[in-house]
Structure formats: C-alpha cells, structure tokens
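Participant: Fold the following, please.
(2 chains)
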Amino acid sequence: GENVEQHPSTLSVQEGDSAVIKCTYSDSASNYFPWYKQELGKGPQLIIDIRSNVGEKKDQRIAVTLNKTAKHFSLHITETQPEDSAVYFCAASEGLGNQFYFGTGTSLTVIP
Amino acid sequence: GAVVSQHPSRVICKSGTSVKIECRSLDFQATTMFWYRQFPKKSLMLMATSNEGSKATYEQGVEKDKFLINHASLTLSTLTVTSAHPEDSSFYICSPFQGPTEAFFGQGTRLTVV
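Facilitator: As a prediction, the model looks like this:
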C-alpha cells in the first residue's frame, strides 16, 4: 500500500516569512495530491491540490509542487499570517474513489 | 467547495452505551463515504469505506460489529459506536467522496466515553 511521509512535524516561522512542508509517497500509481488545513477541533479543509499531470500549482499565497520522478510534493506558503497557524496534512490518492493516505501532519505556528 | 454536515460535533456518553454520528453531503451526492478516526496530534486513520446501498469495507483492526456504518442514501451516512468504552474516545471524521478525485470532510465529532 501507499506510505506517505511528511516533514517537519512542527514548524514555527515569523509572520511574513515563508513556510515549506514536504511529503514523499511510495506508490507510483498515486496521481492526486491534496493538502488540508486542520484547525483545532475541526475537520480538515482542502486548501490546494495537484494532479500528476501538473508540476506546480499556485493559489495566491499558497503553492504546491510535485516531482513524480522523485515521488515528493511540497506545500509553500508565502507571506505567512497568524491565521495560517494550524495543522497541515498532505495526502495521496490513486483517485477514482480510492482511499486517501495521509501524512502525519505538520503543526505550523506563525509568530506575530 | 462542497458542503458537508457532520453532527454532533461533541458528544459525551457513558461506557456501554451507543452513539450515532451522522454525516450529510448537502449539495452533492456521495456514492462513497470514508470514515476516519483521529487521535490527538495524530494523522487521520481510515476506519472504513462505504458505498451507498452496500456493506462497508473495514480496515484491518477495525471491529465492524463495534463501528456500524450505514450508507442508506447518497447524501447520508451514519457511524454508530456500539457499547462504547473509554478507549473509543477519539475524533471521528467523515469524508464523502465527490469525484473524480476530490474529497471533503465533515467538521468532525469529538467522542468522549466516560
């Protein structure tokens, strides 16, 4: 089965700096890679995703890059704000209704 | 994004009783529903996958008789924790599958068994 690893487990940055979270996966059949933000006591919320036919995707301050050859993908948050503080999960899926495999999460703290 | 309603958000129950958690997809039909369990500061662990009108498929180590899943319609799935014990205390999250790839999540249910 798929194995998704995520680093770092905790990350603290100063407000305005960038944050980068990295994930690797093992199953070359995975072709869909979403990122979720989870605030305390709430369910995960999709913030950005990327499919295997794309190498990079950007949405305002958030970007995701994918390297299929190396089987890793990364989340980049620029100009971080205190409200970006949360736990972020990466995931991998083969799509078409198959289950999602989640990384272990990164607790991001943005220091004002 | 899709609207998913999960309730209750918090429930406290006595040991030995049963608790039902509902998950509704409000603006789309979900042929597949994933149920996850999340321990404090841990990732989401898939418990079971259900398809509308058929029996759920449980992950290894998940007791199907303890965690009853009903996916009777394309917009509603329920998870019932039967004869709950303190070790069942956890955060449970549903995820209706919209397709072709995206999944959305309910707000989660914090279950505390005392």
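Participant: isn't B:K42 right next to A:G103, touching?
Facilitator: No - B:K42 is not in contact with A:G103 according to C-beta atoms under 8 Å; the separation is 11.2 Å. Yep, even glycine has a C-beta here, placed from its N, CA and C like the rest.
Participant: Quick check: next helix or strand after the lowest-mean-pLDDT helix or strand in chain A?
Facilitator: When the helices and strands of chain A are compared on mean pLDDT, DSSP states H and E, strand A:100-102 comes out lowest with a mean of 87. Towards the C-terminus, the helix or strand next in line after strand A:100-102, according to DSSP states H and E, is strand A:106-111.
Participant: same for that following strand, what does it pack against?
Facilitator: strand A:10-14, strand A:19-24, strand A:86-93 (3 or more C-beta pairs under 8 Å, 6 or more residues apart in numbering or on different chains; DSSP states H and E).
Participant: one more time with 10 Å, if that's ok
Facilitator: Using 3 or more C-beta pairs under 10 Å, 6 or more residues apart in numbering or on different chains; DSSP states H and E as the contact criterion, the elements in contact with strand A:106-111 are strand A:10-14, strand A:19-24, strand A:72-77, strand A:86-93.
Participant: For it, output the C-alpha coordinates as CSV.
Facilitator: Backbone C-alpha positions of strand A:106-111 (Å, rounded to 0.1, in the frame of the first residue of the first chain) are rendered in CSV as follows:
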residue,chain,number,x,y,z
THR,A,106,2.8,19.5,10.4
SER,A,107,1.8,21.9,13.1
LEU,A,108,2.6,25.3,11.8
THR,A,109,2.9,28.3,14.1
VAL,A,110,3.2,31.8,12.7
ILE,A,111,4.6,34.1,15.3
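Participant: for stretch A:10-24, which positions count as buried?
Facilitator: Of the residues in stretch A:10-24, those buried by neighbour count under the rule 16 or more other C-beta atoms under 10 Å in any protein chain shown are A:11, A:13, A:19-24.
Participant: Stretch B:5-13 too?
Facilitator: In stretch B:5-13, the ones that count as buried by 16+ other C-beta under 10 Å are B:6, B:11, B:13.
Participant: Can you narrow those residues down to the ones near chain A?
Facilitator: Near chain A, taking C-beta under 10 Å from any C-beta of the partner chain as the test, the members of the buried residues of stretch B:5-13 found are B:Q6.
Participant: quick one: low-confidence parts of chain B?
Facilitator: Residues of chain B that meet the criterion pLDDT under 70 lie in B:1, B:99-101.
Participant: hmm, stretch B:35-55 touching chain A?
Facilitator: Yes - with C-beta under 10 Å from any C-beta as the measure, stretch B:35-55 is seen reaching chain A through B:36, B:38, B:41-46, B:48-49, B:51.
Participant: contacting residues for the closest residue to B:F104 other than its chain neighbours?
Facilitator: Distances taken as C-beta to C-beta, 6 or more residues apart in numbering or on different chains put B:A2 closest to B:F104, at 4.5 Å, once the chain neighbours are dropped. Under the criterion of C-beta atoms under 10 Å, 6 or more residues apart in numbering or on different chains, the neighbours of B:A2 are A:46, B:25-28, B:30, B:96-98, B:102-105.
Participant: And the helices and strands packed on strand A:106-111: which comes nearest chain B?
Facilitator: Using C-beta to the nearest C-beta as the criterion, the shortest distance between chain B and these is 6.4 Å, found for strand A:86-93.
Participant: partners of the closest one in the sheet?
Facilitator: Sheet neighbours of strand A:86-93, with direction, are listed as strand A:32-38 (antiparallel), strand A:100-102 (antiparallel), strand A:106-111 (antiparallel) (DSSP bridges).
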